[in-house]
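1. The following comprises the amino acid sequence and a computationally predicted model.
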Amino acid sequence: MTLRELGWDDDFEHAFTPHRDLGRVPARLMCETTINFGAFLDGGEVIDAVVCGRLWHRAACDADLPAVGDWAAVEPGGPDRDHVIRALLPRRACFARKMPGNSSEAQVIGANVDVVCVVTDAGADFNLRRMERYFTLIRRGGARPLVLVNKSDLHTAADNRHAAAAIGGLMDGVEVHVTSALTGDGLKVLRRHLEPGVTLCVVGSSGVGKSTLVNQLYGDEWQGTGEVNGVTGKGRHTTTSRELVPLPGGGLLIDNPGMREIQMWTDEETLRASFADIEALAMDCRFRDCRHGNDAGCAIRSAVEQGRLDASRHASFLNLEDEIARLKRRTRKRQMAVERWSKRNHRVKARNLDDRIQLEKDERGEV
């Protein structure tokens, strides 16, 4: 397997030039363990590599650390020496969400991803508000979105068409296809995207058939599949770790554990681009600082009352805006804490240096 087949291009080659002069080799990270990373080298060789201390210390947050899909400059090891990741090349695209819980940091789902495929169904998993979140994050990361309304064999044709049409109406230009991973129906759509060097990231809730879909693409039981609860429609997590998998027909796939939550990690500009229809309505609000709630003369509320705007989409817009505001506050709080600790550490180091200098003077009998 060549570097080109792993996703290498001229931009990566240009960025790697100074590292080649230092005797390092390019590698694409395929999986992460508790102590190191698995990585592909030119020719398809797989190595284990550790992250150097400098990368750890220079990272402002977890999102700056190596992630599955990254291209790395690796210092080759030997029989008694580890392969060492010395640097990361700039990411072409990145799909990330906010770290689950109260963290204000991003969690990278896949680096250098060309296409993000969101798998859902027309049943219990169908949720337009969650799909809006996916589209916002995909737009922010720079990848192309693709949606599969999967498990079509379990739902009526009318339900499948309704779900696909509703999802397609959320974002201009998004591809939405009705598929069945169980029967293989519609998988040719995915294969059209999987050309040599193209990386596709598969995401979605548990139980929507992601692992079965991966098995169909890989042509073998690459991931285990689990049963779906007949009452809740939810499935067990059958993918337990994130991994970059080369596919026999060309292309690479990043499979992910089922996401119980998809929290925002984006900016105001991307959010507003995802709700361009609402932004257009907001231009007609009476007041420039309208909160689009109970404010007098709110054009958005008027559109909801007249049935021209879905009330749940309006609520989703307000919730997303509030969530981003909270994220900004947490991020700023974290930055202030880091600055305080940095200043404190500098003061401690300066005091220790002064004490050491004074001790040396005392030992030499200097005044």
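-> Thanks, I have it. Numbering: from 1, shown residues only.

2. Hmm, residue 14 and residue 90 touching each other?
-> No: when contacts are counted by CB atoms under 8 Å, residue 90 is not listed as touching residue 14 (10.1 Å). To be clear about C-beta, it is placed using only N, CA and C from the backbone, and glycine gets the same treatment.

3. Tell me where the stretch 1-150 of the chain is predicted with low confidence.
-> Applying pLDDT under 70 to the stretch 1-150 of the chain flags residues 98-106.

4. again, but for the stretch 201-350 of the chain
-> In the stretch 201-350 of the chain the weaker segments, taking pLDDT under 70 as the threshold, are 220-241, 256-274, 320-321, 323-324, 326-327, 330-339, 341-342.

5. do that again at 90, thanks
-> Residues of the stretch 201-350 of the chain that meet the criterion pLDDT under 90 lie in 202-243, 245, 247-250, 254-284, 286-297, 299-350.

6. In it, mark out all the helices, start to finish.
-> Secondary structure of the stretch 201-350 of the chain (DSSP state H, counting those that start in this stretch): helices at 210-218, 268-274, 276-282, 299-305, 311-364.

7. most tightly surrounded among these?
-> Mean neighbour count (mean count of other CB atoms under 10 Å) peaks for helix 210-218 among the helices of the stretch 201-350 of the chain, with a mean of 22.

8. which strands and helices sit next to that one?
-> helix 187-193, strand 199-204, strand 252-255 (3 or more CB pairs under 8 Å, 6 or more residues apart in numbering; DSSP states H and E).

9. so what pLDDT did the residue of the chain most remote from its centre get?
-> The C-alpha centroid of the chain is most remote from residue 365, which lies 61.9 Å away (CA atoms, centre = their mean). According to the prediction, residue 365 has pLDDT 74.

10. From residue 356, how far out is it?
-> 17 Å (CB to CB, to the nearest Å).

11. Same question for residue 250.
-> Distance from residue 250 to residue 356, by CB to CB: 61 Å.

12. re earlier: distance to residue 169 and mean neighbour count added to the helices and strands packed on helix 210-218, as CSV?
-> As requested, the helices and strands packed on helix 210-218 are exported to CSV (distance: least, CB to CB, whole Å; neighbours: other CB atoms under 10 Å):
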stretch, distance to residue 169, mean neighbour count
helix 187-193, 19, 15
strand 199-204, 19, 25
strand 252-255, 27, 25
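
13. With distance to residue 161 added, can I get those in CSV?
-> Shown next, in CSV, are those (distance: least, CB to CB, whole Å):
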stretch, distance to residue 161
helix 187-193, 16
strand 199-204, 20
strand 252-255, 27
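
14. Looks like residue 7 contacts residue 30 (just checking).
-> No: contact between residue 7 and residue 30 fails when scored by CB under 8 Å: they sit 11.4 Å apart.

15. out of the helices and strands packed on helix 210-218, which comes closest to residue 167?
-> strand 199-204 (12.3 Å; CB to CB).

16. the strands in the stretch 1-150 of the chain, which residues?
-> Listed in chain order, the strands of the stretch 1-150 of the chain (DSSP state E, counting those that start in this stretch) span 25-32, 37-40, 46-51, 71-75, 83-88, 94-98, 106-111, 115-121, 144-150.

17. helices or strands up against the longest one?
-> With contacts taken as 3+ CB pairs under 8 Å, 6+ apart, strand 25-32 sits against helix 10-20, strand 37-40, strand 46-51, strand 71-75, strand 243-246.

18. can I get the ones you listed in JSON lines with mean neighbour count?
-> JSON lines is the format used below for the helices and strands packed on strand 25-32 (neighbours: other CB atoms under 10 Å):
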{"stretch": "helix 10-20", "mean neighbour count": "13"}
{"stretch": "strand 37-40", "mean neighbour count": "22"}
{"stretch": "strand 46-51", "mean neighbour count": "16"}
{"stretch": "strand 71-75", "mean neighbour count": "23"}
{"stretch": "strand 243-246", "mean neighbour count": "19"}
